[in-house]
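Colleague: Generate coordinates for the sequence data below:
(chains A, B and C)
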Amino acid sequence: MKRVALNTIGVIVAVLFAFPTYWMLTSAFKPSGDLLTPDYDLIPLSVTFDNFVSAFTQPGFTVHLTNSLIVTLGAVACSLVAGVLAAFPLARLRFRGRRGFLLLVLIAQMAPLEALFIPMFLLMQDAGLLNQLPSLLLVYFAITLPFTVWTLRGFVQGIPYELEEAGMVDGLSRFGAFRRIVLPLLGPGLVATSVFAFITAWNEFLYALVFMRDSDKQTLPVWLSTFRSVFGTDWGAIMAASVLYALPALVFFLIVQRKLVAGATAGALKG
Amino acid sequence: MVGVASIALVTAGCAGSGGTDPGSDAGTDEQRTLTVWLMDGSAPETLTTALHEEFEKANENVTVKYEIQEWNGIQDKLTTALASQEPPDIIELGNTQAPAFAAEGVLTDLTGDIDALNGGQWLDSLKASGEWDGKQFSTPFYAANREVLYRTDMFEQAGITATPTSRQEWLDAIAKLEAKFGSSKTFQPLYLPGQNWYALLSFIYDEGGDIAEKDGTTFTATMTSPEAKAGLEFYKQLVEASGTTAPKDNDEQNPEQAGIFGQGEVAMMIGLPWEVDTATKDKPELKEKISAFPIPSKNAGETAPVFQGGSNLAIPVNSANADLAKDYLKLMLSDKYQGMLAEGGMVPGASTDLSALEKNAVSKAMADASKNGRSVPATPTWATIEAGQNPLKDMLTAYLTGSKSLDQATKDASTALDAAFSAS
Amino acid sequence: MTTTALPVVPAGTPPAPPRAGRGRAGLGERTIPYLLLAPAVVTMLVLLGWPAVQVIAISFRRLDLGELVRGEVVWVGLDNYRAVLADPEVWTVTLRTVVFTASVVAATVIGGLLLALLMRHIAAGVRVAVQICLVLAWATPILATTTVFQWIFDQQYGILNKTLVKLGFDSFAGYSWFSSGASTLTVVGLLIVWQAMPFVCFTIYAGLLTAPKELYEAASMDGASGWQTFSTVSWPVIRPLVTLATFLSLIWDFKVMAQVWAIRQGGPDGESTTLPVLLYLKGIAGRHFGVASAIAVLMILVLLVLSIRYLQLLLRSKEGDLS
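Modeller: Model prediction:
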């Protein structure tokens, strides 16, 4: 009985969370004129693929998609590597400067990005990186890193140290124990942080807009905004484009979810 | 039409021919690149292609690097681009944004070039947008203004034989439409959301009022004037007479009025010519049933003055190719290319020849009203007002929903505008 | 390998981390923490630290578009701060932002925690469905979500008002959700919670998964109730993550700009303006970057005050450890 009740709650939560996205999806299939009608239209009566045609024919989708994938995946990878490297000593070792570093990580997240874009722009200009994808990759790496470090540190702390001790008793070195025991258990943590970093970088608009002068170097958020202009906004196409836009994030989640959670469970059982 | 046809995001791939920017060495034999930033939807592609071909032919060692910019985020992009080592040589500025750039001293002074740039034919409201402190920092490019779009078939069925030419006739038409179609619950003789401040400005201008009074470079809000109040009262009269179900707390873009108009249960809306395309996107057969007339005045037979939206063109002060850029402007503002702008459905900013617009009833109504166009106060602070919290919108909602009296709403709006004007 | 006989870790006593360089560790081992931290430190110092220092410097300068383009450096001392702090609106907005942030953070963290616990106890199929819905909410671009929320809450055509009327609440016909600042912020808050909860939920759920199964087995062998299992097994593992999620949510929700802006640009009558919106309106839109920087510094100070408890824990605890 209790299980049924809990499952029911689960379904309700899923529906609530899915509704706005469902609304986006159905809007993508509605003729533009039907987006807002006086009728009650929970299920679209007429379905059209015109909006998807408009979205696909808006120039640059594949180019922008590629750019977005490069900077986003690049930033996520850098962020995870640097994050795991930093999380281990922060959670498991004591050394001078540790608190100072923790403070740095904390405060680094507090500055509003809207205020940073001028200094960032000048920095990239001085570095000669303007209008080049690495500049975005670096920025996304930097803005997702504090979070990644902080979260992964939390995950490492959550793993009982006794597991490592046991491993070391069994003859593993400290780093060996970390790699063989802690890292596999970190799987779910890596999923959560990488999905977060992915979505943060995937959605970033301002820096992509001002750093990249050439339109063939722009990313998807900028592409998405091209549907909206003072000369009329094609809302149906925006919704269709948003569906296309959200898909890679979902695919990314499904991939890491399977790989890492499966890995984690296997690791825990073997351990 | 404009805005849909010219979205092609093509960058001149050949630009720079060698990858490095030759802007810094302006030697005469050097290959030079003129970077032109125009906004999405402004100049039709046919125009820019022909223009750039002609310009490159006339200037053998010059390549035009043409980059179409999106409106979304353009302020931040322009800010950084102007501050960068390679600023664009020609930029397009929204006419309400232009004073902010002029006042900052980041644009090249064009006062001495007005005559060479077809200055005799400039549209007054856009010329004013480009002026700051007695100097001309940007030139008119194109303009557009609102008109009343209506369904010819509905007018016919309701027995309205001529389009309204006075406020009274307009209200009469609304009454006739209501009488004919009112049995349908979803029918609206006029769709008018609560925050269409462009329409409100038209009514206020018509009463002889304005947003603010100018004294040198300082502005004082005049929303509490009897003229402004009369304009607001007429707005409310329209909303009540038409019984529009449009939200009172939002503007014509949220939800997009053209989409609602296109559903076929609305006889009129106050909009721009190209909203017809948006409205008829899924129902092309509706297009021939839509026509337009200028916003009627309180004085029979006249058209009300209109708020003129549009763009100006300017040369950033850091441009390494200011001389070339002036030549480019000269060509762009010549009769030939201004005529092509009109062909594309815009009111040309530097040509009084509107014949191309008169071929079609929808654009003709805009052209007719454009002769009496006005703009918002040419103050650098207006950009901030329009960027976000426009007191005119809050005023309209408060007054129309009855949450504030007319006196209170206009007083609050004046106070908010004055605070914005004085923030420097 | 034998890890089945692990003792249940009592709450609040994390194991003391070993000290690097203890015992026979040599110079190599002592430098290892620094080597491991180097990539993160360098990145943060160059790409976040340096711009942040610049922002502080800019807050003492007049930097409008003109100065920026001409490359002029005009020091104005505390003028920007004086201008910002002299405006009575700033204090109202600051207070409003704090209250708004606190509500959103509380809703996000409590909701996320409950949902994470729920996920442990539901059928695998339902769980995957919930997860996918969460990721969808999370991954949907802001432009789409803000638009969809506006449609849902639209005065005339919104599905919410239509549904409420169908359910018999006739007073919601034509009800305006955006007529006051509080109501507008409630809608904005819902939007933010909807988008932020997936992260919190996933993080905490991931934490629950890292708790070794053996601990739960041990607890159930001891005959522990559901609550006891939670407080002795789950809570110690997820506690750092809950603290962390709270802290991070605090920082993000305090800074959130896009959603607040998109819904009503801080209106009506500026009643839903928060500090980031103020920063944009007063600083960026008018291109007064000195003022924008001053507000940014002010925001960081407010955030520091809000998170002082957390920082104290961080600085005072012997190991610099938080749990």
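Colleague: Helices of the stretch 201-350 of chain B, start to end?
Modeller: With DSSP state H, counting those that start in this stretch as the criterion, the stretch 201-350 of chain B has helices at B:226-242, B:257-261, B:275-279, B:322-332, B:335-343.
Colleague: Mean pLDDT and mean neighbour count added to the ones you listed, as JSON lines?
Modeller: Any C-beta I mention is one placed from the backbone N, CA and C, and that applies to glycine too. Converted to JSON lines, the helices of the stretch 201-350 of chain B look like this (pLDDT from 0 to 100; neighbours: other Cβ atoms under 10 Å in any protein chain shown):
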{"stretch": "helix B:226-242", "mean pLDDT": "97", "mean neighbour count": "19"}
{"stretch": "helix B:257-261", "mean pLDDT": "90", "mean neighbour count": "26"}
{"stretch": "helix B:275-279", "mean pLDDT": "90", "mean neighbour count": "25"}
{"stretch": "helix B:322-332", "mean pLDDT": "96", "mean neighbour count": "19"}
{"stretch": "helix B:335-343", "mean pLDDT": "94", "mean neighbour count": "19"}
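Colleague: Turn these into JSON lines, columns for distance to C:Trp91.
Modeller: Formatted as JSON lines, these follow (distance: least, Cβ to Cβ, whole Å):
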{"stretch": "helix B:226-242", "distance to C:Trp91": "32"}
{"stretch": "helix B:257-261", "distance to C:Trp91": "39"}
{"stretch": "helix B:275-279", "distance to C:Trp91": "43"}
{"stretch": "helix B:322-332", "distance to C:Trp91": "47"}
{"stretch": "helix B:335-343", "distance to C:Trp91": "49"}
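Colleague: residue contacts, residue 77?
Modeller: As the question left the chain open, I've gone with chain A. The contact partners of A:Ala77, by Cβ atoms under 8 Å, 6 or more residues apart in numbering or on different chains, come to none.
Colleague: I was thinking of chain C, sorry if that wasn't clear
Modeller: By Cβ under 8 Å, 6+ apart, the neighbours of C:Gly77 are C:Phe60.
Colleague: now for the helices of the stretch 201-350 of chain B, which one comes closest to C:His121?
Modeller: C:His121 lies closest, by Cβ to Cβ, to one member of the helices of the stretch 201-350 of chain B: helix B:257-261, at 44.9 Å.
Colleague: so how far is that closest one from its chain's centroid?
Modeller: For helix B:257-261, the gap between its own C-alpha mean and the chain's C-alpha mean amounts to 19 Å (Cα atoms, centre = their mean, to the nearest Å).
Colleague: Mind giving me the packing neighbours of that helix?
Modeller: Judged by 3 or more Cβ pairs under 8 Å, 6 or more residues apart in numbering or on different chains; DSSP states H and E, the packing partners of helix B:257-261 are strand B:188-191, strand B:266-271, helix B:275-279.
Colleague: circling back: between the helices of the stretch 201-350 of chain B, which one is nearest to B:Trp71?
Modeller: Closest among the helices of the stretch 201-350 of chain B, using Cβ to Cβ: helix B:275-279, at 15.9 Å.
Colleague: Restricting the selection to alpha carbons, write stretch C:34-52 to CSV.
Modeller: Below are the C-alpha coordinates for stretch C:34-52, written out as CSV (Å, rounded to 0.1, in the frame of the first residue of the first chain):
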residue,chain,number,x,y,z
TYR,C,34,49.6,21.4,-4.4
LEU,C,35,50.2,19.6,-7.7
LEU,C,36,46.7,18.2,-7.7
LEU,C,37,45.2,21.6,-6.9
ALA,C,38,47.4,23.4,-9.5
PRO,C,39,45.1,23.2,-12.5
ALA,C,40,42.1,24.4,-10.5
VAL,C,41,44.0,27.1,-8.8
VAL,C,42,45.5,28.5,-11.9
THR,C,43,42.2,28.5,-13.8
MET,C,44,40.3,30.2,-11.1
LEU,C,45,42.9,32.8,-10.4
VAL,C,46,43.4,33.8,-14.0
LEU,C,47,39.8,33.5,-15.3
LEU,C,48,37.8,34.4,-12.2
GLY,C,49,40.1,36.0,-9.7
TRP,C,50,41.7,38.5,-12.1
PRO,C,51,38.4,39.7,-13.6
ALA,C,52,36.9,39.9,-10.1
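Colleague: in it, what counts as buried?
Modeller: C:Leu36, C:Leu37, C:Pro39, C:Ala40, C:Val41, C:Thr43, C:Met44, C:Leu47, C:Leu48, C:Gly49, C:Pro51, C:Ala52 (16 or more other Cβ atoms under 10 Å in any protein chain shown).
Colleague: can you check stretch C:302-313 too?
Modeller: When burial is assessed from 16+ other Cβ under 10 Å, stretch C:302-313 yields the following buried residues: C:Val302, C:Leu303, C:Leu306, C:Ser307, C:Tyr310, C:Leu311.
Colleague: quick one: which of the residues you listed is nearest C:Leu78?
Modeller: Nearest to C:Leu78 out of the buried residues of stretch C:302-313 is C:Val302 (Cβ to Cβ; 17.9 Å).
Colleague: so how far is A:Pro112 from the closest one?
Modeller: Using Cβ to Cβ, to the nearest Å, C:Val302 is found at 11 Å from A:Pro112.
Colleague: What count of nearby residues applies to C:Ile204?
Modeller: Neighbour count of C:Ile204, defined by other Cβ atoms under 10 Å in any protein chain shown: 26.
Colleague: Now do the contacts for it.
Modeller: Contacts of C:Ile204 (Cβ under 8 Å, 6+ apart): C:Gly112, C:Leu113, C:Ala116, C:Ile238, C:Leu241, C:Val242, C:Ala245.
Colleague: Strands of the stretch 51-200 of chain C, start to end?
Modeller: Assigned by DSSP state E, counting those that start in this stretch, the strands in the stretch 51-200 of chain C fall at C:61-62, C:74-75.
Colleague: closest one to B:Glu178 among these?
Modeller: strand C:61-62 (57.3 Å).
Colleague: Sheet-wise, list the partners of the closest one with their directions.
Modeller: Its sheet considered, strand C:61-62 pairs with strand C:74-75 (antiparallel) by DSSP bridges.
Colleague: So which residues make contact with the strand it pairs with?
Modeller: Strand C:74-75 has contacts (Cβ under 8 Å, 6+ apart) with C:Phe60, C:Arg61, C:Arg62, C:Leu63, C:Glu67.
Colleague: what about 7 Å?
Modeller: By Cβ atoms under 7 Å, 6 or more residues apart in numbering or on different chains, the surrounding residues in contact with strand C:74-75 are C:Phe60, C:Arg61, C:Arg62, C:Glu67.
Colleague: And that strand, how far out from the chain middle?
Modeller: Centroid separation between strand C:74-75 and its chain, computed with Cα atoms, centre = their mean, is 35 Å.
Colleague: and if you look at stretch A:208-224?
Modeller: 18 Å.
Colleague: what does stretch C:85-96 give?
Modeller: Offset of stretch C:85-96 from its chain centre (Cα atoms, centre = their mean): 22 Å.
Colleague: now swap in stretch B:319-335 and tell me
Modeller: 23 Å.
Colleague: Kindly reformat the helices and strands packed on helix B:257-261 as TSV containing distance to A:Leu16.
Modeller: As requested, the helices and strands packed on helix B:257-261 are exported to TSV (distance: least, Cβ to Cβ, whole Å):
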stretch	distance to A:Leu16
strand B:188-191	33
strand B:266-271	34
helix B:275-279	33
